[in-house]
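Participant: I'll drop the sequence and a predicted model, then ask my questions.
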Amino acid sequence: DARIALEQDLIVTSQADVNSTAYTWGDNFGAVAVGAGVVEASAKPVVKAYIEGGEESAVSAGDTISVRAFGNHDLSGVELARLIKAENDAVGGSLFLSYVSPSATATSNWTVDAYIGKDAEVEAGEDLTILAKSYSGEVVSDVNGKSYSLAGLGNNVSSTTITNTVSAHVDEDVSLSAESIDVNAQGKSDAYATTYGGSGGIIAGASASAGTNVTNTVSAYLAGNDDEAAQISADEDISVTASSDVIFNAHGDSTGYGFVGSNGARTGNTVASTTQAYLGQDADILAGNDILVDATNRVEKPFIGANLNAGSGGFWGGPAGDSATIITNMAEAYAADNSRIEAGNDLTLSAANDVSAYDKATLSSGGAIAVAAVHSTIISTNTAQTSIGENTQILAGNDVNLHSQTKANVEAVTYTEGFGLGASAD
């Protein structure tokens, strides 16, 4: 229920930036060597910037009003280079048995929220901006584990997980007036996992696993009304936009050489990106020029050479490799039921997905008997939809545009080779 009147600008800003690194190193040598090291690096920031509502609240500024929440950005909104990394180096060697099983886990969980609260009355003489921007930083898990002995065994695992939840919004029953209104939410995540494992000995059976899991949820909205008197109006443009960017990759390498060689490698990636931009139920929205409601997902798994390398050599060589990626995108832009929306020029609702993903798995096996099996898979599921709800009144001085599109460029490649008296490659 604050009552604030300023002649110039009102700026509300909250900001956080995070670095986190964890490292461990170990070696084990002897007649029998067994080692298992665990390292974790994590961050879980919550950033909020808001103008609190209330039925008695009244906030005005003669110039601009800005409500801004930043995760891993500076106060100007410029992205900061930040790192969350878990790294584990482990080596084992022995006369008889060596078992090395290191793991590294890197986790980033961001919540960034900028908003104007329920029942607020806010007036700006110039522009009004609600901006939420979150960048996970580069989140990396890295394992390097080798074992050497008559029997060299082990399981080397790296795992990277990111959850990025970002929202910019105006809550119910808020009256807004400004020259222009911009509600903008942006979430970006960058995940990488790498594991190097392998062994040598009479029996070589170490494995390497690297995986990423990314969930981006980004929303921007004007919530609508229970109070018929509440109106959101701009002399010029109203823009409500949500965008999600995900960059990810994984690399696994497991090679071993012995009388019996059966090293294996696996990489796995799961990405779920959801963007939602909307004008809420029973809203009363007026713009002198354009109204734009836009939701966009961009997902990239860039080319890094081979994502997976597995190989073995000896009398019997039987390595296996599997690289799998699942991408799920949902982009939604809409105007809800029972609203009145008026644009002096264009009204545009747009939802889009853009996917670029490349994966390559390589495997080789050599020996008197050589068997090699490797698989590379990318599954990309994309939904983009726009809609106007029931009983919603639309008035536009020019065009009403609804755009939904998905662009996907996906490629999965395998390369196998086998050398031996009896050789099989799949």
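Facilitator: It's in.
Participant: Low-confidence ranges, the stretch 1-150 of the chain, go.
Facilitator: Within the stretch 1-150 of the chain, the stretches with pLDDT under 70 are 1, 25-36, 91-100, 146-150.
Participant: redo that, cut-off 90
Facilitator: 1-5, 7, 23-39, 53-58, 88-103, 143-150 (pLDDT under 90).
Participant: Number of residues surrounding residue 88?
Facilitator: 26 (other CB atoms under 10 Å). (Glycine included, C-beta is placed from N, CA and C.)
Participant: same check, this time on residue 56
Facilitator: 10.
Participant: before we move on, what about residue 144?
Facilitator: So residue 144, with other CB under 10 Å, has 21 neighbours.
Participant: what does residue 22 give?
Facilitator: With other CB under 10 Å as criterion, residue 22 counts 17.
Participant: If we ignore the residues flanking it in sequence, what's nearest it?
Facilitator: Excluding its sequence neighbours, the residue lying closest to residue 22 (CB to CB, 6 or more residues apart in numbering) is residue 41, at 4.1 Å.
Participant: now the strands for the stretch 201-350 of the chain?
Facilitator: 232-234, 238-261, 264-279, 284-287, 291-301, 308-317, 320-335, 340-343, 347-388 (DSSP state E, counting those that start in this stretch).
Participant: Which pLDDT value goes with residue 287?
Facilitator: At residue 287, the model reports a pLDDT of 97.
Participant: on that earlier part again, from residue 162, how far out is the residue nearest to residue 22?
Facilitator: 12 Å (CB to CB, to the nearest Å).
Participant: Which of these two has more residues huddled nearby?
Facilitator: Shown here are residue 41 and residue 162; by other CB under 10 Å, residue 162 has more neighbours (26 against 23).
Participant: Show the contacting residues for the more buried one.
Facilitator: Residue 162 makes contact with 107-109, 136, 139, 189-191, 212-216, according to CB atoms under 8 Å, 6 or more residues apart in numbering.
Participant: Out of the residues you listed, who's the most crowded?
Facilitator: Among these, residue 108 has the most neighbours (other CB under 10 Å), with 30 neighbours.
Participant: how much distance is there from whichever strand or helix holds it to the middle of the chain?
Facilitator: If you go by DSSP states H and E, residue 108 is part of strand 103-116. Put simply, strand 103-116 sits 10 Å off its chain's centre (CA atoms, centre = their mean, to the nearest Å).
Participant: Mind giving me the packing neighbours of that strand?
Facilitator: Under the contact criterion of 3 or more CB pairs under 8 Å, 6 or more residues apart in numbering; DSSP states H and E, strand 103-116 touches strand 38-43, strand 46-51, strand 65-71, strand 83-100, strand 127-148, strand 151-170, strand 180-222.
Participant: Dump that strand to PDB, keeping only the CA atoms.
Facilitator: Extracted in PDB, the C-alpha atoms of strand 103-116 (Å, rounded to 0.1, in the frame of the first residue of the first chain):
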ATOM      1  CA  SER A 103      32.200 -38.800  -9.900                       C
ATOM      2  CA  ALA A 104      31.600 -35.000 -10.400                       C
ATOM      3  CA  THR A 105      28.300 -33.200 -10.100                       C
ATOM      4  CA  ALA A 106      27.700 -29.600 -11.000                       C
ATOM      5  CA  THR A 107      24.300 -28.000 -10.200                       C
ATOM      6  CA  SER A 108      22.800 -24.600 -10.900                       C
ATOM      7  CA  ASN A 109      19.300 -23.700  -9.800                       C
ATOM      8  CA  TRP A 110      18.200 -20.100 -10.500                       C
ATOM      9  CA  THR A 111      15.000 -18.300  -9.700                       C
ATOM     10  CA  VAL A 112      14.700 -14.700 -11.100                       C
ATOM     11  CA  ASP A 113      11.500 -12.700 -10.800                       C
ATOM     12  CA  ALA A 114      10.600  -9.100 -11.600                       C
ATOM     13  CA  TYR A 115       7.000  -7.900 -11.100                       C
ATOM     14  CA  ILE A 116       4.400  -5.400 -10.100                       C
END
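Participant: can you redo the strands of the stretch 201-350 of the chain as JSON lines with distance to residue 413?
Facilitator: Putting the strands of the stretch 201-350 of the chain into JSON lines (distance: least, CB to CB, whole Å) gives the following:
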{"stretch": "strand 232-234", "distance to residue 413": "50"}
{"stretch": "strand 238-261", "distance to residue 413": "15"}
{"stretch": "strand 264-279", "distance to residue 413": "13"}
{"stretch": "strand 284-287", "distance to residue 413": "49"}
{"stretch": "strand 291-301", "distance to residue 413": "13"}
{"stretch": "strand 308-317", "distance to residue 413": "11"}
{"stretch": "strand 320-335", "distance to residue 413": "10"}
{"stretch": "strand 340-343", "distance to residue 413": "47"}
{"stretch": "strand 347-388", "distance to residue 413": "5"}
